[in-house]
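A.B. asks: only geometry, no sequence info:
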């Protein structure tokens, strides 16, 4: 069974208020993982803008992914993972 991190982020900037709450992202991704037979290793959340590199939870998750702790990442929408070229390249 594949093992994934769940990563949920909500920007702390006012213009992003329409984005789903972290709780609703977590709920949806848990259901999706169960439907697809994906084992969720850990749920990681962060309330920080992704416009610039330097998110501690995201960076730690990538390091753990590179070490082989999980097979991949589940996120609600791609822009919850990356919004800058440095993180996108990683």
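C.D. replies: Received the coordinates, thanks. Keep in mind that what you see is a predicted model, and the values were worked out from it rather than measured.
A.B. asks: hey, which helix is longest across this protein?
C.D. replies: helix 22-36 (DSSP state H).
A.B. asks: need the helices for this structure, in chain order.
C.D. replies: Using DSSP H, the helices of the chain run over 22-36, 56-66, 85-89.
A.B. asks: Select, out of those, the one closest to residue 75.
C.D. replies: Residue 75 sits nearest to helix 22-36 of all these, at 7.4 Å, using CB to CB. No exception for glycine: its C-beta is placed from N, CA and C like everyone else's.
A.B. asks: And that closest one, how far out from the chain middle?
C.D. replies: 12 Å (CA atoms, centre = their mean, to the nearest Å).
A.B. asks: For the residue nearest to residue 28 when sequence neighbours are not counted, the count of nearby residues, please.
C.D. replies: Closest residue to residue 28 apart from its sequence neighbours, by CB to CB, 6 or more residues apart in numbering: residue 76 at 6.2 Å. By other CB atoms under 10 Å, 21 other residues sit near residue 76.
A.B. asks: can you pull the pLDDT of residue 76?
C.D. replies: Note on residue 76: pLDDT of 87.
A.B. asks: Contact partners for it?
C.D. replies: Residues counted as contacts of residue 76 (CB atoms under 8 Å, 6 or more residues apart in numbering) are 8, 20, 25, 28-29.
A.B. asks: closest to residue 55 among these?
C.D. replies: The nearest member of those to residue 55, counting by CB to CB, is residue 8 at 12.3 Å.
A.B. asks: surely that closest one meets residue 48?
C.D. replies: No: contact criterion CB atoms under 8 Å: residue 8 and residue 48 do not qualify, at 11.8 Å.
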